[in-house]
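Asker: Below are the sequence and a predicted model; questions follow.
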Amino acid sequence: MDLISRISENFSESAHLKLQSMDALAAPIAAGVQSMVRCLQADGKILACGNGGSAADAQHFSAELLNRFEVERPGLAAMALTTDSSTLTSIANDYDYKLVFSKQVRALGRAGDVLLAISTSGNSPNVVAAIEAAHECDMRVVALTGRNGGKMGEILGPDDVHICVPATSTARIQEVHLLSLHCLCDGIDCLLLGVE
């Protein structure tokens, strides 16, 4: 095995997918930005969830909003539902792991808030349940998925936004998810602050 060639191939595949995805994802990312900005301007908050690497992405996104992205600004109301181990384990132990996000959405979410739901397959049962809870709370959803969007894509409403990466590799989908999250952060700052 030629390790250098393998690494080069990973870089090439990632770059190619990002360029290939640009036209398909620019409009839904822009719609996601607008939905999130409307929420924040109305004193709402953004709740984010996902599993594994998608949990890390949820935390990364909320940190960029709550602290700052690339320019100085006041913190924005964002929260990852993946970080409180006592809450997560108590829900999983007392009820079911499928409910670890939906119970938090019902307790913390309000009408007009936004749920950022992340799953590379679009089929994570606890993320699907979080979307259903968000709809019950009259929240909008911005979903980041891959492949064909899975169950998440099927249950999104007309006011929701679906950013679906046209790929099957989990690693490649996650790489485009990260770029999409940075585009969301940049777009939010641009609309709120007039950043050029």
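Answerer: Everything's here; your move.
Asker: which of the residues in the host helix or strand of Q59 are buried?
Answerer: Assessed by DSSP states H and E, Q59 sits inside helix 53-66. The neighbour-count check on helix 53-66 (16 or more other CB atoms under 10 Å) flags G53, S54, A55, A56, D57, A58, Q59, H60, F61, S62, E64, L65 as buried. From N, CA and C alone the C-beta is placed, and that goes for glycine too.
Asker: ok, now stretch 92-99?
Answerer: Judged by neighbour count using 16+ other CB under 10 Å, the buried positions of stretch 92-99 are K98, L99.
Asker: want to throw the buried residues of helix 53-66 into CSV with distance to A78 and pLDDT?
Answerer: Shown next, in CSV, are the buried residues of helix 53-66 (distance: CB to CB, whole Å; pLDDT from 0 to 100):
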residue, distance to A78, pLDDT
G53, 19, 97
S54, 16, 98
A55, 15, 98
A56, 15, 98
D57, 13, 98
A58, 10, 98
Q59, 10, 98
H60, 11, 98
F61, 7, 98
S62, 4, 98
E64, 8, 98
L65, 4, 98
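Asker: need these in a markdown table with distance to T87, can you?
Answerer: Conversion of those to a markdown table gives the following (distance: CB to CB, whole Å):
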| residue | distance to T87 |
| --- | --- |
| G53 | 21 |
| S54 | 18 |
| A55 | 13 |
| A56 | 18 |
| D57 | 19 |
| A58 | 14 |
| Q59 | 14 |
| H60 | 20 |
| F61 | 19 |
| S62 | 15 |
| E64 | 22 |
| L65 | 20 |
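Asker: Pull the residues that contact stretch 170-180.
Answerer: Residues outside stretch 170-180 that contact it (CB atoms under 8 Å, 6 or more residues apart in numbering): 10, 13-14, 17-18, 21, 25, 29, 53-54, 57, 60, 118, 120-121, 144-147, 163, 165, 167.
Asker: Name the single longest strand found in the chain.
Answerer: With DSSP state E applied, the strand covering the greatest number of residues in the chain is identified as strand 140-146.
Asker: For the helix or strand just after that strand, name the packing helices and strands.
Answerer: As assigned by DSSP H and E, the chain's next helix or strand after strand 140-146 is helix 150-155. Applying 3 or more CB pairs under 8 Å, 6 or more residues apart in numbering; DSSP states H and E, we find helix 150-155 packed against helix 125-136, strand 140-146, strand 161-165.
Asker: Relative to I188, which of the ones you listed is closest?
Answerer: With CB to CB, the closest approach to I188 among these belongs to strand 140-146: 11.3 Å.
Asker: pLDDT weak spots in the chain?
Answerer: Applying pLDDT under 70 to the chain flags the ranges 1, 196.
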